[in-house]
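J.: Sequence and predicted structure, then a few things I'm wondering about:
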Amino acid sequence: MNCGDYAYIWQAPDWPHWRYDLAALVEPLAQVSRAQGLLLGRLADVGLGLRDQASLATWTDDVLNTSKIEGEHLDVASVRSSIARRLGVDIGSLAPVDRHVEGVVEMVLDATANSAAPLSAQRLFGWHAALFPTGYSGLSQISIGSWRDDANGPMQVVSGPIGRQTIHFEAPPAQRLPEEMARFLAWINTPTPTESSLVRAGLGHLWFVTLHPFDDGNGRIARAIGDLLLARADGSPQRFYSLSAQIQRERKAYYEMLERTQKGSLEVTDWLQWFLHMLAQALRLAHHTLDAVLHKAQFWQRLSGLSLNPRQIKVLNRLLDGFEGKLTSRKWAALGKCSTDTALRDITELVALGVLHRSDAGGRSSSYGLAFTQAQ
């Protein structure tokens with residue numbers, strides 16, 4: 001037992017009366033406010049089209065990283081295509097999208113774009129069903145559209161080999177969930193004027209993780225709830241920064257902080273300080289996303305007088321969006337869905353036009369990159 005007569009915060013006699021030192025949060029809150037102001041100031045100077053592109057890039061980052069935190073890697077092109085289609089943003093040809101990608105996208109967009117709508121049990125059940133469209137998590141069938149029932153034992157977060165597992169956290173028993181979730185949702189939907197909206201985002205994230213009401217998907221839904229509360233705080237249905245991307249960068253610290261907080265007391269100042277620090281970092285890094293969007297717009301403006309075929313446009317966009325590894329004629333053929341001979345002709349034309357440059361290596365080792373950057 002870490003705190004008197006209980007092991008986890010939900011067992012505290014005064015659960016869920018969260019406590020925190022507001023004086024200790026003044027500076028972190030001010031840092032977030034300053035970072036928000038700087039980002040919004042830059043966004044005010046760009047056109048609607050570029051704001052849409054920045055929002056598309058941010059949502060793509062968010063979907064990819066909220067899944068990556070759980071060890072799941074989604075296809076970048078599929079995620080981007082799914083979001084672009086929903087936002088009505090033209091990105092050229094769209095990649096095929098599977099039901100799983102669509103489900104994660106639906107949840108993330110609903111949480112933020114419809115943040116003003118009340119959060120209800122039915123809405124959460126919809127998110128959960130979207131995350132698990134087949135009713136399975138891996139090879140295990142799970143309950144969809146209802147809270148967990150603990151039929152296979154208490155909900156525990158564990159690690160390590162079978163027989164020598166470490167229990168990091170145990171959630172409240174299933175029979176408590178209807179009452180616990182009703183209280184949580186009432187809090188979500190009834191903000192108090194005296195409570196910072198940013199603090200509420202941190203508390204909402206922590207509170208949902210503590211309850212762990214579903215068989216699986218609790219982390220992703222907790223982060224979606226945090227994003228919903230942040231969108232309410234921003235007063236905007238668009239997203240220009242990704243907290244999930246920042247948490248993925250600090251994934252180990254994220255899990256350590258959650259475990260320490262779950263085994264502590266209802267005094268959660270440390271958690272809120274960490275959460276606000278992650279938020280400030282996410283806002284600062286959002287400038288890189290905006291830089292990339294502006295770079296891309298300037299790149300195509302510079303090429304506006306050239307006549308390029310659809311394959312060239314598609315592959316150049318992939319390069320601009322952050323292509324990993326070296327671009328070869330074989331990779332071009334795969335991306336452009338053409339023969340290697342056609343790919344080489346596409347590349348040769350772009351090298352002659354000064355759009356691409358060739359690496360020093362010759363023959364089959366040849367690779368290509370963009371010949372100029374934003375600063376040139």
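T.: It's in.

J.: Other residues contacting the helix or strand of the chain with the lowest mean pLDDT?
T.: Scoring the helices and strands of the chain by mean pLDDT, DSSP states H and E places strand 156-159 at the bottom, with a mean of 78. The contact list for strand 156-159, computed with C-beta atoms under 8 Å, 6 or more residues apart in numbering, reads 165-171, 212, 259. Heads up, the C-betas are built off the backbone N, CA and C, glycines and all.

J.: What about those, which are in helices?
T.: Among these, the members falling in helices (DSSP state H) are E259.

J.: which of the contacts of strand 156-159 are buried?
T.: Among the contacts of strand 156-159, those scoring as buried are 168-171, 212 (criterion: 16 or more other C-beta atoms under 10 Å).

J.: quick one: low-confidence ranges for this protein?
T.: 1-4, 92-93, 160-163, 360-365, 373-376 (pLDDT under 70).

J.: show me where it has strands.
T.: 136-137, 140-141, 156-159, 166-170, 356-358, 368-370 (DSSP state E).

J.: I'd like those strands as a markdown table, with distance to L119 appended.
T.: Converted to a markdown table, the strands of the chain look like this (distance: least, C-beta to C-beta, whole Å):
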| stretch | distance to L119 |
| --- | --- |
| strand 136-137 | 23 |
| strand 140-141 | 27 |
| strand 156-159 | 23 |
| strand 166-170 | 23 |
| strand 356-358 | 48 |
| strand 368-370 | 44 |
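
J.: Determine which of those strands approaches A343 most closely.
T.: strand 368-370 (10.4 Å; C-beta to C-beta).

J.: domain assignment for the protein?
T.: Split into domains by automatic domain parsing, the chain comes to 9-294, 304-370.

J.: now the last one, how far from the centre of its chain.
T.: Right, domain 304-370. Domain 304-370 sits 30 Å away from the centroid of its parent chain (C-alpha atoms, centre = their mean, to the nearest Å).

J.: which residues does the closest residue to G103 other than its chain neighbours contact?
T.: Distance criterion C-beta to C-beta, 6 or more residues apart in numbering; nearest residue to G103, sequence neighbours excluded, is A130 at 3.7 Å. Neighbouring residues of A130 by C-beta under 8 Å, 6+ apart: 102-104, 106-107.

J.: Among the residues you listed, which one has the most neighbours?
T.: M107 (26 neighbours; other C-beta atoms under 10 Å).

J.: I figured that residue hits A224, correct?
T.: Yes - with contact defined as C-beta atoms under 8 Å, M107 counts as touching A224 (5.5 Å).

J.: Overlap in contacts, the two.
T.: Common neighbours of M107 and A224, using C-beta under 8 Å, 6+ apart, are W127.

J.: in the least confident helix or strand of the chain, what counts as buried?
T.: Applying 16+ other C-beta under 10 Å to strand 156-159 flags V157 as buried.

J.: so W10 makes contact with T210?
T.: Yes - between W10 and T210 there is a contact under C-beta under 8 Å: 5.6 Å.

J.: Among the domains of the chain, show me which one is buried the most.
T.: domain 9-294 (a mean of 17; mean count of other C-beta atoms under 10 Å).

J.: Give me the distance between that domain and the centre of its chain.
T.: Worked out by C-alpha atoms, centre = their mean, domain 9-294 lies 7 Å from the chain centre.
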